[in-house]
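K.L.:
Here you go, sequence then predicted model.
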Amino acid sequence: MSRTPGDSTRCVNAVAQEGIPGSPLQAGPVFAAPYLLGEDERDDIDTYARASNPGWRALESALAALEHASAARVVGSGMSAITVALRSLTSPGGTVVVPSDGYYQVRLFASEFLALHGIDVHELSVAEFGDGSLERVLDSAGPGAIVLAETPSNPGLDTVDLRATADACRGAGALLLVDNTTATPLGQLPLDLGADVVVASGTKSLSGHSDLLFGYIAVADTELLPAIDRERLLSGTVLGPFETWLAHRSLGTAGLRFERQCANAFAVAEMLRAHPAVTGVRYPGLGTDPAHAVAARQMSRFGPLVTFRLSDREQVHRFVRAATLVAPATSFGGIHTTADRRARWGDAVPEGFVRLSCGIEDTPDLLADLDAALAVASASGPVSRA
């Protein structure tokens, strides 16, 4: 009887090397260098590393397999994935929809670059993706619009119904791009749900060790690739050779890491929900969460992020200082548990709003540390880790 492979099997298979006797199980880094040219002048695959190289091809093949994509392209960061995709697929006079409650730098790029180049920019919240607002924008825009959805949203962890959004986009002749950073292809497969393009930061859970930057674009239809390839080539927003190798090497353990991160996140969310010092706990995996119904239909795992609120800014700082297993950091998805007070970046959240990214620590240890840190944070007076 055949069965669908699990996430760790998918990850190991995605990075598997061809089984040639005498060759290594895992390829080493392929450094960017001048490439020898053939005499034919037409058949060279690699002529300049910014255009193509074997390291990229290995990583892109693995990412395409994980995303169930026809092809993938790597770039220098998650933000590069978004900007390359939007620049290559839009043109003056066109329409772009971006999330109003997603990653804030996407809104800045849309307003400070796309709008100034003659592109009509609309911002919609997750709620507006499902209340008819998107359809109204698409009706007025006409065919060729680009819709970027982020789900679960960052930092609110609300979910967009991707099947319904894909149907709306298809009916209007629009392309649907989905930022899959938070969920990863181990938690959600947007292309299987009808999306045209996935953009994501691999800096986070996929590479998972907080030691590199990289992003990628995955497409359902390879007809979109020439424009994406041209934009990557001319903009120079490329992934370095060592980062390429590190990312490819890290993918093999992504299934194991993500499984533990998600298990920790669920346990932490349940603990926080019952804690008297905490309010506003959000995690799509909780049955009581407002995003759960949509998340349960389209996600196989619910990610490493949990958000909650403490009373104010100072209580957040006391909590982080008191914790021994929580590091203050704004990136997420690594092996360490991290906390970020999102109001510092200008997100429309309360001063005490915390986005917690659960790492791979043993669950009882993490729960005990968070409980102890919250007890200290909710008490008055200065805090010391000593």
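P.N.:
Received the coordinates, thanks. Computed from a predicted model, the values in this text were never measured in an experiment.

K.L.:
got the residue ranges for the strands in this protein?
P.N.:
For the chain, the strands defined by DSSP state E occupy 71-75, 95-99, 120-124, 146-150, 175-179, 197-201, 215-219, 279-282, 305-309, 326-328, 337-341, 353-357.

K.L.:
starting at the chain centroid, how far to the second one?
P.N.:
Here strand 95-99 is found 18 Å from its chain centre; the criterion is CA atoms, centre = their mean, to the nearest Å.

K.L.:
Now that strand: average pLDDT?
P.N.:
Mean per-residue pLDDT for strand 95-99: 98.

K.L.:
so what does that strand touch, helix or strand wise?
P.N.:
Secondary-structure packing of strand 95-99 (3 or more CB pairs under 8 Å, 6 or more residues apart in numbering; DSSP states H and E): helix 104-109, strand 120-124, helix 133-141, strand 146-150. Where C-beta positions appear, they are placed from N, C-alpha and C, glycine not excepted.

K.L.:
Quick one: residues in contact with it.
P.N.:
Strand 95-99 is contacted by residues 86, 90, 106-107, 110, 114, 119-126, 134, 137, 141-142, 144-150, 153, 179 when judged by CB atoms under 8 Å, 6 or more residues apart in numbering.

K.L.:
Partner strands of that strand, with direction?
P.N.:
According to DSSP bridges, strand 95-99 forms sheet pairs with strand 120-124 (parallel), strand 146-150 (parallel).

K.L.:
And the first one, by the same measure?
P.N.:
Partner strands and pairing direction for strand 71-75 (DSSP bridges) are strand 215-219 (antiparallel).

K.L.:
So which bits of the strand it pairs with are buried?
P.N.:
Residues of strand 215-219 classed as buried by neighbour count (16 or more other CB atoms under 10 Å): Gly215, Tyr216, Ile217, Ala218, Val219.

K.L.:
gap between that strand and the chain center?
P.N.:
Put simply, strand 215-219 sits 11 Å off its chain's centre (CA atoms, centre = their mean).

K.L.:
How about stretch 271-290?
P.N.:
Computed by CA atoms, centre = their mean, the chain-centroid distance of stretch 271-290 equals 22 Å.

K.L.:
May I have it as CSV, with CA atoms only?
P.N.:
Taking C-alpha atoms only, stretch 271-290 is exported to CSV below (Å, rounded to 0.1, in the frame of the first residue of the first chain):
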residue,chain,number,x,y,z
MET,A,271,0.1,27.2,28.8
LEU,A,272,-0.1,30.9,28.0
ARG,A,273,-3.8,30.8,27.5
ALA,A,274,-4.2,29.7,31.1
HIS,A,275,-1.7,32.1,32.6
PRO,A,276,-3.1,35.0,34.7
ALA,A,277,-0.4,37.5,33.5
VAL,A,278,-1.1,36.9,29.8
THR,A,279,-3.9,38.0,27.5
GLY,A,280,-4.7,37.9,23.8
VAL,A,281,-2.9,34.5,23.1
ARG,A,282,-3.0,33.7,19.3
TYR,A,283,-2.0,30.4,17.7
PRO,A,284,-3.8,29.0,14.7
GLY,A,285,-3.4,25.5,16.1
LEU,A,286,-5.6,26.1,19.1
GLY,A,287,-9.2,25.0,18.5
THR,A,288,-10.4,28.2,20.1
ASP,A,289,-8.3,30.6,18.0
PRO,A,290,-10.3,32.8,15.5
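
K.L.:
mind giving me JSON lines with the helices and strands packed on strand 95-99 and columns for mean neighbour count?
P.N.:
Below are the helices and strands packed on strand 95-99 laid out as JSON lines (neighbours: other CB atoms under 10 Å):
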{"stretch": "helix 104-109", "mean neighbour count": "17"}
{"stretch": "strand 120-124", "mean neighbour count": "19"}
{"stretch": "helix 133-141", "mean neighbour count": "17"}
{"stretch": "strand 146-150", "mean neighbour count": "26"}
